[in-house]
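> kindly return the folded structure for what I paste below:
(chains A, B and C)
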Amino acid sequence: MTRLKIERATAPLWVRPLIPVIAAVITFTLTATLVILAKANPLEAYYHFLIAPLSSRVSAIEVLVKSTPLLLVGAAVTFAFSAGYWNIGAEGQLYAGAVAAAWLGTILGNLPALIAVPVMLLGGFVAGMLWALTPALLKIKLAVDEVVTTLLLNTVILFVVSYLLNGPWRDPVSGWPQSPEIASSAMLPRLLPQARLHLGFVIGLLVIVALWFILSRTSLGLKMRATGLGMEAARFAGVNVNRTILTAALISGGIAGMAGVSEVAGIHFHLIDAISPGYGYTGIIIAMLGGLNPFGVGLAALFIGLLSTGGQTVSRALGVPAYLGDVVQAALLLVTLGAFILQNYRLRWVANEPRSSSPLHAASGNELKPD
Amino acid sequence: MPAIQMLGITKRFDPVLANDHVDFSLEPGEIHALLGENGAGKTTLMRILYGLYHADEGEILVDGQLAHITSPKEAITLGIGMVAQHFTLVPSLSVAENVVLGYTRGLGFDPLAAQQNVAEAAARFGIKTDPAALVRHLSVGERQRIEILKALYRNARVLIMDEPTSVLVPQEVNVLFETLERLRAAGLSVIFISHKLNEVMAVCDRITVLRQGRVVGTVDKTETSQAELACMMVGRETFGVVRHGEHPQGQVRLRLDHLNALDNKGLPALKQVSLEVQAGEILCIAGVSGNGQAELARVLAGTLKPAEGRILVEDQDLTGSDPSRFLAAGVGRIPEERHEGTIGELSVAENMVLERLDDFTRNGLLDRNLIRRHGEQLIAEYQIKAQPTDRMRTLSGGNIQKVVLARALSGKPRFLVASQPTRGLDVGATEYVRSKLLEQRDQGVAVLLISEDLDEVLALADRIAVIYEGRIVGVIPTQEASLEQLGLMMSGACPQGAARGGNS
Amino acid sequence: MEVLLIGLLAATLRVATPLILGTLGELFAERAGILNLGIEGTMFCGAFVGFVVGGATGNLWFGVLAAIVSGIFAGLLMGLMSVRLGVSQHVSGLGITLLLTGLSLFGFRLIYGEPRIPPSIQPFTKLSILGQVPILGEILGQYALTYIALALVPVCWWVLYRTNFGLQIRAVGENPEAADAAGVNVFLTRYLALAIAGGLMAAGGAFLSLAQLGAFTYGIIAGRGWVCIALIIFANWQPVRVLWGALLFGGVFALQLRLQTLGLKLPYEAFLALPYLVTIAALAVAGRNATYPAALLKAYKRE
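Take a look at the predicted model:
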């Protein structure tokens, strides 16, 4: 007699990068059920979902357009999480940046783009930082849990935006709840003819590189990683943990704010209340999928950008609701997180132990616990 | 028939063999000591019996019946109770709620009825308690009695006590021993885990000695002596390190002036502590664990701010400073918990530079070559079995401690505070750490060593300061110290030494 | 003035209902040591499932029941992630919110396509307990679910403080090691608490689609789940205080609605944001002293 036993064993190093791939396969298998429910062939659907968007120039560029804010929020979340600061507020910080961009964009009209664009980015950065400041200060001064405070401020800024759009900034001509269009010199320049891809994408890539550089090459980065991975030990070793957390939180907020600038000044050209379909939360998915590794995060952002575009492609081609993209993203997050934990276990056939006559040996699955 | 028989129990925690074919037998109505040094495998064996670990090999018989114990719940059903070293009580619940928790039937819970039941059970076993009181308001000794009551309430006939006296003051130890003898008289069996010979001789009927995961032997109390037990337990008579000569009077490197500090529950942990440590000496803080040593170490590391008093390191006032200023003032620190000092997911080389990051940084950028070379150099110098790029968590306990030591000493400290630096290490690593401490002393560093191991204290210290309930009850030169006197002072029985506090 | 006040009180109870249900749910999760940020998605899913099943079967109570079942599954999924696998509670909770929101929207598109006006059903009718009695009759003319929510407050108190299961929940949320050592199945207790939590949250969502609106819209929950997260802190993890907190939040919300309909030129957003800001301020004041369940956010692992 043999039975299956779960035991703890660290997976070989080469397995680690494969885990997102395995998780993706599992996820797509699970979500195939939805495709079938939508009366479509899963293989065909996944072709339109994953491959078709890359097969034409227009849609491939659209993937990059979709990835632009994701690169930024992914980097923003990674920055905070690396230092052990659970910034759930990238969404709100993005809106803060968007508000700043909508405001600056209308008053910078007389300046040349060479000045206006950097000022826009800087303004968004500062706005995101300011929106991130209160929870960070509460965290380091009063030990108030940042998860709840950053989360609540996400909703608060939606009310701020709603006030602005229904009040002082309401479009006087159309009466739509949208701010006046920003000056053309404040718009982020387009990178390619006849495509929406704009400077924000390059900035996103640069921010990813900067994230890598700061985390792995600078003193601040080492302090952040030390704080995130072992706060007490970092404090013991003389790292100013509070200052490190504050720095990470503010830079994180600033980058998220730039994502808001990127959407306002690169895509919409005015503030609307639906400027973000939850990018800030997607940023958390991206940071976790990328394993908090800057380049992993970059790849994850591009992949999620593909999923968002693919959701629309598959919707147009086969009538499968575009929300398939959202479901796949979230499912992928959960499956990947589970897989990263389960890699520490393996299944093995073992000889069946002789059991006692005691009726009490049930439920011995207790060993499947993460370390 | 024995109440418990454990046959050929083997448990491996890679790479350590924690229990190696251990046989153990417990008679009804006896108090049986499980004696051994830290890491001998006593607790592991008992955690297997209580269903917290699963043995890799071996069998357990309860009342002669083969038993397959896979959870504490099953152990409890078989009449086995355990009082762990760290109490497993829920502080926000009442005594009664804690006692009946997990041992209730039906749907409803009636707090008053539960209190009534618990009060009756407590009276039956002669345990004094207030069932309505919240556990968070109880003293350590009272909490321990709740733990015992909890096991008895579940009809335990075998009670495992894991180092029950390590957290108790002497009066409470006496209460505990009285309680245990009452239980024995009522026919219960007790397994008493300890490494303290006098306690074992005072209260136990038989003694099983473990060393490095193996049973050395089981003896009757009447047929053995403390000396024989010590021999069985330690297996060696001497330490491999020798302290050279007496230290000359050096300049004072550390001065603590009427220091008061609170523990993390907000209770006074250090009371009016005044001490001086001179260059070229090792001053040992001896005491039973939990008497303020942890807080003293944290105060000297800069991670706990004293409530009152002053800390002077070579005339620099460091009171209320951050750890970075302690480091800058030439204080080297070896923390009590190794994971308190190192970060498992960072590399060995990164851990080694964390305390002096500025020396390895240029314009905010890490000098990665220098960091790697520094790592390689310390690894070679301290014979650490690791590569500079290895994750810290992949190292063994001894190697982690060497990294901590290397980091602290590479900063060329003028004053070194080491807290339980050899706890949990194997013999080789222990001797290495001790020789390094002596080397520092001989080089003129002022060393403050906090240790609960009296043999270590006597082997290394120039002077010994005894701490009891947060106070320094006396400072004596080692050559004037006897085990008996230290034992008395550590148990608070000898307050006359208090007048000699500080450096006379 | 009197009319205004009566309407205000009636609206307060109505607005508070989903908050009471959601927060009581979160209470079970957090008292067991799990911060369930899946609440927003669970409520959304409950609103959707309740609406679909209620509409399809023609029996709104079947809708409520189906919503509760969906919530239980959501809770068990949270348990799988955070209890069994020990994934960070923040991330798994948010992941579940995103997943359930996506699934509900996917299902909505599948069933209803892209309608220009949200599909609607004949919602629950209000009970008229005191019939035509003036004032009281109007205030108490509420949906049955509102009365159920109010009744659940003492029920939840009773479960937490007067049942063995409640004792176990409180113990695993404060000190799971101790509970385990005492023979409590920590994992099972947490799973059950999360299942109850999910059922309550989903019922809160179903109230919105089946009673208050009689329709399903994309913005049906609109952050109410996050309000519950705030409320639970505000209520200091006490069932009865949950009621007062929800009524207070509901009252502020109802007040701004009234003021808006009166045409008062007030920035009503300030009113809406107020509860959030008050919660943050309360957290800042409580600071380190906030009596979080001690084991909140900590995955329990056996060695």
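
> so A:Trp212 makes contact with A:Pro294?
Yes: at 3.7 Å, A:Trp212 and A:Pro294 qualify as touching, with contact defined as CB atoms under 8 Å. (C-beta placed from N, C-alpha, C; glycine too.)

> those two: which is more packed in?
Remark: of A:Trp212 and A:Pro294, A:Pro294 carries more neighbours, 23 against 18, as counted by other CB atoms under 10 Å in any protein chain shown.

> how about the strand or helix carrying B:Leu152: buried residues?
Taking DSSP states H and E as the definition, B:Leu152 sits inside helix B:140-153. The neighbour-count criterion (16 or more other CB atoms under 10 Å in any protein chain shown) identifies B:142-153 as the buried residues of helix B:140-153.

> got it, and stretch A:120-137?
A:120-132, A:134-137.

> how about stretch A:168-188?
Buried residues in stretch A:168-188 (16+ other CB under 10 Å): A:169-170, A:177-180, A:182-183, A:185-188.

> span of that stretch from start to end?
Chord length of stretch A:168-188, first to last residue, is 25 Å (CA to CA, to the nearest Å).

> gap between that stretch and the chain center?
28 Å (CA atoms, centre = their mean, to the nearest Å).

> do the same with stretch C:66-77
13 Å.

> let me see the mean pLDDT of it.
Here stretch C:66-77 scores 98 as its mean pLDDT.

> and what of stretch B:268-283?
Computed over stretch B:268-283, the average pLDDT equals 92.

> which of the residues in that stretch are buried?
Buried residues in stretch B:268-283 (16+ other CB under 10 Å): B:269-283.

> before we move on, the earlier item: within reach of chain C, which of the buried residues of stretch A:120-137 are there?
A:Thr134 (CB under 8 Å from any CB of the partner chain).

> quick check: closest non-adjacent residue to B:Val175.
B:Gly141 (6.6 Å; CB to CB, 6 or more residues apart in numbering or on different chains).

> pretty sure the one you found is touching B:Glu172, no?
Yes: between B:Gly141 and B:Glu172 there is a contact under CB under 8 Å: 3.6 Å.

> in the helix or strand of chain C with the lowest mean pLDDT, what's buried?
None of the helices or strands of chain C scores lower by mean pLDDT, DSSP states H and E than helix C:136-140, at a mean of 76. Judged by neighbour count (16+ other CB under 10 Å), helix C:136-140 contains these buried residues: C:138-140.

> ok, now stretch B:364-371?
B:366, B:371.

> please apply the same query to stretch C:278-293.
C:279-280, C:282-284, C:286, C:290, C:292-293.

> tell me where chain A has helices.
Applying DSSP state H to chain A gives helices spanning A:19-37, A:42-46, A:52-55, A:57-82, A:90-107, A:113-142, A:146-166, A:199-217, A:219-229, A:231-236, A:241-263, A:279-289, A:294-318, A:324-342.

> dump these into CSV; add mean pLDDT as well.
Below are the helices of chain A laid out as CSV (pLDDT from 0 to 100):
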stretch, mean pLDDT
helix A:19-37, 90
helix A:42-46, 92
helix A:52-55, 91
helix A:57-82, 96
helix A:90-107, 96
helix A:113-142, 95
helix A:146-166, 91
helix A:199-217, 97
helix A:219-229, 95
helix A:231-236, 93
helix A:241-263, 97
helix A:279-289, 93
helix A:294-318, 93
helix A:324-342, 90
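
> and the ones you listed as TSV, adding distance to B:Val447?
Shown next, in TSV, are those (distance: least, CB to CB, whole Å):
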stretch	distance to B:Val447
helix A:19-37	47
helix A:42-46	67
helix A:52-55	66
helix A:57-82	37
helix A:90-107	49
helix A:113-142	35
helix A:146-166	41
helix A:199-217	37
helix A:219-229	27
helix A:231-236	19
helix A:241-263	28
helix A:279-289	45
helix A:294-318	43
helix A:324-342	43
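
> out of these, flag the one nearest B:Asp390.
Smallest distance to B:Asp390 across those (CB to CB): 14.9 Å, for helix A:219-229.

> what packs against the closest one?
The contact analysis (3 or more CB pairs under 8 Å, 6 or more residues apart in numbering or on different chains; DSSP states H and E) places helix A:219-229 against helix A:57-82, helix A:199-217, helix A:231-236, helix A:241-263, strand B:365-366.

> nearest to C:Gly93, out of these?
helix A:57-82 (15.1 Å).

> for that closest one, buried residues please.
A:59-82.

> next one: stretch A:30-49
Residues A:31-32, A:34-35, A:38, A:40, A:42, A:45-49 are the ones in stretch A:30-49 that count as buried (16+ other CB under 10 Å).

> can you pull out the residues in contact with it?
Contacts to stretch A:30-49, defined as CB atoms under 8 Å, 6 or more residues apart in numbering or on different chains, come from residues A:28, A:307, A:310-311, A:313-314, A:317-321, A:324-325, A:327-328, A:331, A:335, C:103, C:106, C:110.

> near chain A, which residues of chain B show up?
So chain B meets chain A at B:54, B:65-71, B:73-74, B:77, B:301-303, B:322-324, B:326-327, B:333, B:335, B:339-346, B:350, B:354-355, B:357-358, B:361, B:364-366, B:368 (CB under 8 Å from any CB).

> quick check: the residue of the stretch 101-250 of chain B nearest chain A.
Per CB to the nearest CB, B:Arg154 is where the stretch 101-250 of chain B lies closest to chain A, at 14.5 Å.

> what's the distance between that residue and chain C?
8 Å (CB to the nearest CB, to the nearest Å).

> and the pLDDT at that residue?
89.

> could I get the contacting residues of it?
When contacts are taken as CB under 8 Å, 6+ apart, B:Arg154 is in contact with B:76, B:81, B:103, C:183.
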